[in-house]
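> with the sequence up front, the predicted model follows.
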Amino acid sequence: MSLLEIKNLHVRVDNHDILKGINLTVNPGEVHSIMGPNGSGKSTLAQVLARRENYEVTAGEVLYDGKDLLALKPEEAAAEGLFMAFQYPVEIPGITNVYFLRSALNAIRKYRGLEEMDAMDFLPMFREKLKLLEMDEKLMNRSVNEGFSGGEKKRNEILQMAVLEPKLAILDETDSGLDIDALKVVAKGVNALRSPERSMIVVTHYQRLLNYIVPDFVHVLVNGRIVRSGRPELALELEEKGYVDIERQALAV
Amino acid sequence: MEAFTQLEKLAAWRDLPWWRKLREDAFARFMEVGFPTTHDEDWRFTNVSSIAQTPFQLATKGSGSVSKDELEPWRLPGAACQLVFVNGRFAPELSQVGKLPAGVTVSSLAEQFSANPGNIETYLGHYLDIRRDAFSALNTAFAEDGAYVRIRKGVVLENPIYLLLVSTGTSEPLMTHPRNLIVAEEESQASIVEDYISLNGGTAFCNTATELVAGDSAVVSHYMIEREHPQAFNISTLRIQQGRSANVVSHSVLLGGGLVRNNVHPVLAGEGAECLINGLFIGNGRQHLDNYMLVEHASPHCDSRQFYNGILDGHAHGVFHGRIVVHKDAQKTDAKQTNRNLLLSDDAQIDTKPQLEIYADDVKCTHGATIGQIEENALFYLRSRGIDEVSARKLLLLAFANECLDRMKRDSVRAHLEALINQHLFQVANAGEGARATRFSEEQGRNWEEIG
């Protein structure tokens, strides 16, 4: 059974049609990349899947692990194993990273009928994940993302993913604003989390990230529709020719 | 007037000439000016006509009985001593004075009046200004009892002194005028907690005043906790007098009460004195919570910091009035003031007003105020990680409240307040959008604005 099945999804924001019939199937363990120019609807798709409000679904359906994803609240989707790495991670003064992560993990465990994890069990596991992302433990006793550099924020997103161990991870422009060194660290973290039980959707504007996180499939989103799908080579083609050609073709259809 | 004449006959110590004169002057002053109105700049946002129009009776001796069991859940754990006042009067049977270190005196004010009036004559009424504020005049005119705390020179008291002021419901509206005197002599150190609670409903008006004298290099923490029920009126005035290099911290946590006015008035009289005025007010329903700060810099090289955070839900109305007065000679003053507010509903309201009066020329004064809502982005971020909406709201409110808690010393008082705030915010967060409408229609609360 596929993990995610998006059928004819139409989404409207502020009276504008942004997604105009998306179809996408993601099987367990697959990594799909969604590429597209600015304003194509990439981020909208990521946000809708993460269950952000203010997006009006006008048609279509999304099945996630056999459930109607669009009927779930964000916290329910998260507890069902869906995770989105934010393009712009939010700063939350007054809540420490470590407290936040343990609260999140325990909320998810509670939803699944598992016992809460105490600090004794949490910390060793947490330290392992910190090592993976090359993050300083001191950062974790600071408020969530507060005063973090762009790279630290993105690494923090992947750290959260490593701790919460989702079934489906959506990376929303995780490469934006990263220098090459930071990008490599993030990609290393992501690759370490690839497994036959974990699927990923990597949303990006640039091909660069895909040199480090090599997807199984690439889809090109233009003007609210997936206009082309293919193997990773498609990303290279796009890099070479740019989106202009493909946009022109899309309009001609 | 009748109440005052009646009171005149009560206690023998009222015949002390200095005290008698002070009370008569205060009463005359109150009769002259009456209750303030919203035309008075200092009371612009708070209408007290509901106090003026209620026929309050003075609490008589022995009014209201409280059992030890009833009080147990309210007490602060880990205090050096606990003084309980029921309807303004010291209740020795409910108090635990125990053995205090040498140099620490804690008793009721009435006891000092009869045993050692000389101890208090030097201080009592010297700082609270009956001309400035009608409620201070009223308190002085009617004060009968309260706490007396004295820390001798160089004595350090680790554990807090806890004052629990209880009002109990009676069939008639009741008023009390507790008067506290705290004297921390030079180089001494102490924490004092005033905690206001009410048992069994009923309309009550508590008009309390505290004079806190911090001698040279004394270090004093003062806590004011308000958690009375929604029919309670509470006007409190904390007048702080600071000597040279004295360091005083005032923490106010307002959770309860219907109409609350919290006056904090430090005078930095000695060179190099420092004060921190820290507060958190959380209003719900139709609560009206007014914080009036008046920080007077009277000497050079003094620092003052004011930080007040407000969380307002339902139809609650919050006020923050932060006035800083820098006198002519107070050069090198460093004064800062910040008021941050979260409004959780469309009907909640905050009035925030900074006021700077600077008569010196070499000073640093800053002020800032913010009014916002719970950040939707932050809420979504937490929820997207699996934390349910109510818990996420609560986490964000706690984070906001923590800014205030973080300015407190890590001790038993802070732990106690943390638990109280946590519990209180859970109720606020729990009343999500859906629950809100029903909650209001059921509510019996009064709207103080409408009464006026």
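Okay, I see it. Numbers count the residues shown, from 1 in each chain, chains lettered A, B, ... in the order given.

> switch to C-alpha atoms for all contacts and neighbour counts from now on
Will do.

> where do the strands of the stretch 151-253 of chain A begin and end?
In the stretch 151-253 of chain A, strands defined by DSSP state E, counting those that start in this stretch lie at A:168-172, A:199-204, A:217-222, A:225-230, listed in chain order.

> partner strands of the last one, with direction?
By that I understand strand A:225-230. Paired strands of strand A:225-230, with direction, are strand A:217-222 (antiparallel) (DSSP bridges).

> and for the second one?
Taking DSSP bridges as the criterion, strand A:199-204 sits next to strand A:31-35 (parallel), strand A:168-172 (parallel) in its sheet.

> I'd like the next helix or strand past the first one.
Next in sequence after strand A:31-35, counting helices and strands by DSSP states H and E, comes helix A:42-49.

> what about the helices in the chain?
No chain specified, so I'll use chain A. All helices of chain A, identified by DSSP state H, fall at A:42-49, A:74-79, A:97-111, A:119-132, A:137-140, A:150-164, A:180-192, A:208-212, A:233-241, A:243-252.

> ah, no, chain B please
Along chain B, the segments classed as helices by DSSP H run B:2-8, B:17-33, B:49-53, B:68-71, B:109-115, B:117-121, B:134-142, B:376-383, B:389-405, B:412-430, B:433-442, B:448-451.

> looks like residue A:11 contacts residue A:58 (just checking).
Yes - using CA atoms under 8 Å as the test, residue A:11 is close enough to residue A:58 to be in contact (5.7 Å).

> tally of neighbours for residue B:288?
By the criterion of other CA atoms under 10 Å in any protein chain shown, residue B:288 has 30 neighbours.

> from chain A, how far out is it?
Taking CA to the nearest CA, to the nearest Å as the measure, residue B:288 falls 27 Å from chain A.

> partner residues bridging that residue?
What pairs with residue B:288, by the bridge criterion (DSSP bridges), is residue B:259, residue B:317.

> low pLDDT regions in chain B?
For chain B, the stretches with pLDDT under 70 are B:1-14, B:62-63, B:431-452.

> actually chain A, not the one I wrote
For chain A, the stretches with pLDDT under 70 are A:250-253.

> and the residue lying closest to residue A:132 once chain neighbours are set aside, what does it touch?
Among residues not flanking residue A:132 along the chain, residue A:189 sits closest, at 6.1 Å (CA to CA, 6 or more residues apart in numbering or on different chains). Contact partners of residue A:189, counting by CA atoms under 8 Å, 6 or more residues apart in numbering or on different chains, are A:132-133, A:158-159.

> would you turn the residues you listed into CSV with neighbour count?
Formatted as CSV, the contacts of residue A:189 follow (neighbours: other CA atoms under 10 Å in any protein chain shown):
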residue, neighbour count
A:132, 18
A:133, 22
A:158, 28
A:159, 25
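
> residues making contact with stretch B:422-430?
Here stretch B:422-430 makes contact (CA under 8 Å, 6+ apart) with B:255, B:284, B:313, B:390-391, B:393-394, B:397-398.

> contact residues of chain A facing chain B?
Selection of chain A residues close to chain B by CA under 8 Å from any CA of the partner chain yields A:50-52, A:74-79, A:83-84, A:89-95, A:103-105, A:107-108.

> so what's the residue positioned nearest the centre of chain A bridging to?
Geometric centre of chain A, nearest residue: residue A:170, 1.8 Å, by CA atoms, centre = their mean. Going by DSSP bridges, residue A:170 is paired in beta bridges with residue A:84, residue A:201.

> bridged to residue B:108, which residues?
Following DSSP bridges, residue B:108 is listed with bridge partners residue B:147.

> from what I see, it and residue B:144 are in contact.
No - judged on CA under 8 Å, residue B:108 makes no contact with residue B:144 at a distance of 10.0 Å.

> residues from the stretch 251-400 of chain B in reach of chain A?
Within the stretch 251-400 of chain B, the positions near chain A by CA under 8 Å from any CA are B:377-378, B:380-389, B:395-396, B:398-400.

> again, 10 Å this time
B:375-389, B:391-392, B:395-400 (CA under 10 Å from any CA of the partner chain).

> mark which of those residues are buried, thanks.
The neighbour-count criterion (16 or more other CA atoms under 10 Å in any protein chain shown) marks B:378-389, B:391-392, B:395-400 among these as buried.

> residue 149: neighbour count?
All of this refers to chain A. There are 11 residues near residue A:149, going by other CA under 10 Å.

> that was the other one, I meant chain B.
By other CA under 10 Å, 21 other residues sit near residue B:149.

> show me what contacts it?
B:104-109, B:161, B:180-184, B:190, B:192, B:212 (CA atoms under 10 Å, 6 or more residues apart in numbering or on different chains).

> what two of those are the furthest from one another?
Comparing every pair within the contacts of residue B:149 by CA to CA identifies B:109 and B:190 as the most remote, at 18.5 Å.

> neighbour count: the two, which is higher?
Each of residue B:109 and residue B:190 has its neighbours counted (other CA under 10 Å); residue B:109 has more, 25 against 22.
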